[in-house]
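Visitor: Structure for the following, please:
(one chain, ligands or ions: 1)
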Amino acid sequence: MNKKWNFNWEEKKTEIKEKNEKKQSFGDSRFWKLKLNDKKEGQALIRFLPDRDQDLFVKFYSHSFMFKDIKGKDIYYNHKCATTIPEGKCPICVKNRDLYNSPHKADKEAWGKRKRKTHYVSNILVIKDPAAPENEGKVFLLDYGQQIYDLYSQKFFGTTIKENGKDVIQSDNEVIFCPSDFYQGADFIIRSTKEPSDAFNSYRKSTFNKQNPIFKELSESEREEAINKLMEQVYDLSEWENPDLYPTAKQVLDKVGFLLGEESEESARPSPKSEPVKAKKSEPAPVKEESDFDDKEDSKLSEESFDDDEAFLASLKD
Ligand SMILES: [Zn+2]
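Guide: Below is the predicted model:
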């Protein structure tokens, strides 16, 4: 009897279930996350890596906040902010300017909830991950905030102070180096701590080790080989420059327009001029563009969050 096509559906079931669970809990499996215990504490040893274009990190913005829809149902808005890309228009940021400048407490609070958050993304090698040893030796992306960025940039640029409006390096004795360099760089102890009184965990206790070559236990030739392998695995950071990653003003207004006191511009008054351009733009991957936006992005509510800077608010003024 020919049993060539006798499939094992139990295996398939497990595979689908695993895939679904992975998507729900991690969103994008290319990203590594520090596993935290019940007290929101944890640590691991990682090494920042450059990508193949020598890019160390990419910066992007997002909005994540809870709101009630027209029926009073709680909805979680969690999407990238189009102000990341040149010419990008974000109705939430535009409204935030008014809320920020408003004398009313409720408006200021709404601004606080909806303000854009700063993210940085870098390639990393996970060296030691006590809570998830299966990650050790693998290349991932790390999505981090201002606290870790500040630690990184302090090594890269030095500790600077303002002198006559210019950034000046504070001390001649400070060792300045690129943490992502394979030879002169340093491993990074990423550490999350949380005081019971704090609302969120903090990464301020993270620190760079002393400078040492990557794979310091290997011989020089073995190291070169290992670095070559790493560079085959690093992710191209230019991905974040793709405008399709960011919701259009219309997509934002379709979701939260009522919250901003605005209707979707396109649905309110169709603009025949801009329509053909739009249709053409979305032609190659119309489904992807839509699903990118609709996919719930990874929950970030427990992560550090950052303020809009004054300069950004000022830039919105026209
Ligand atoms: Zn925005």
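Visitor: Quick check: residues of the protein near the ion?
Guide: Applying C-beta under 5 Å from the ion, one finds that the chain approaches the ion through 81, 90, 92-93, 116. C-beta coordinates here come from the backbone N, C-alpha and C atoms, glycine included.
Visitor: Among those, which one has the most neighbours?
Guide: With neighbours taken as other C-beta atoms under 10 Å, the top of the residues of the chain next to the ion is I92, carrying 25 neighbours.
Visitor: Am I right that that one falls within a helix?
Guide: Yes. According to DSSP: H, G, I helix; E, B strand; the rest coil, I92 belongs to a helix.
Visitor: Is it correct that it is in contact with A82?
Guide: No. At 9.4 Å, I92 does not count as touching A82 under the criterion of C-beta atoms under 8 Å.
Visitor: Now the common contact residues for the two.
Guide: Here I92 and A82 have V252 as joint contacts, going by C-beta atoms under 8 Å, 6 or more residues apart in numbering.
Visitor: Can you show me the helices along the stretch 201-318 of the chain?
Guide: 220-233, 249-256, 265-268, 275-282, 286-294, 310-316 (DSSP state H, counting those that start in this stretch).
Visitor: all helices of the stretch 1-150 of the chain, in order?
Guide: 9-26, 91-101, 105-114, 146-157.
Visitor: Name the residue of the stretch 151-300 of the chain that lies nearest to the ion.
Guide: V252 (8.0 Å; C-beta to the ion).
Visitor: In terms of pLDDT, where does the residue nearest to that residue when sequence neighbours are not counted sit?
Guide: Once flanking residues are discounted, V252 sits nearest to P91: 5.0 Å by C-beta to C-beta, 6 or more residues apart in numbering. We have a pLDDT of 95 for P91.
Visitor: Is P91 in contact with L253, as I believe?
Guide: Yes. Applying C-beta under 8 Å as the test, P91 and L253 come out as touching, 5.6 Å apart.
Visitor: Tell me how many other residues crowd T160.
Guide: 13.
Visitor: Oh, that last question was meant for K166, not what I typed.
Guide: 8.
Visitor: Torsion angles phi and psi at it?
Guide: phi -110, psi 150 (degrees, to the nearest 10).
Visitor: hey, what's it bridged with?
Guide: Counting by DSSP bridges, K166 is bridged to E163.
Visitor: can you pull the pLDDT of it?
Guide: At K166, pLDDT is 84.
Visitor: how near is it to G158?
Guide: 14 Å (C-beta to C-beta, to the nearest Å).
Visitor: cool, E222 as well?
Guide: The gap separating E222 from G158 is 33 Å, by C-beta to C-beta.
Visitor: Please say which of these two ends up with more neighbours.
Guide: G158 (17 against 11).
Visitor: can I assume the more buried one is in contact with D172?
Guide: No. Using C-beta under 8 Å as the test, G158 is too far from D172 to be in contact (9.6 Å).
Visitor: is it true that L34 touches A44?
Guide: Yes. Under the criterion of C-beta under 8 Å, L34 makes contact with A44 at 5.7 Å.
Visitor: Which neighbours do the two have in common?
Guide: 131, 190.
Visitor: So those two - more neighbours on which side?
Guide: Each of L34 and A44 has its neighbours counted (other C-beta under 10 Å); A44 has more, 24 against 21.
Visitor: Spatially, what comes nearest to that one if we skip its sequence neighbours?
Guide: In space, A44 is closest to D129, 4.6 Å off (C-beta to C-beta, 6+ apart).
Visitor: who touches the one you found in this structure?
Guide: 32, 35, 44-45, 135-136.
Visitor: repeat that for 7 Å
Guide: 44, 135-136 (C-beta atoms under 7 Å, 6 or more residues apart in numbering).
Visitor: Contacts only, for I190.
Guide: 34, 43-44, 46, 203, 206.
Visitor: How much space separates it from V139?
Guide: 15 Å.
Visitor: Check A132 too.
Guide: 15 Å.
Visitor: before we move on, what about K33?
Guide: Distance from K33 to V139, by C-beta to C-beta: 15 Å.
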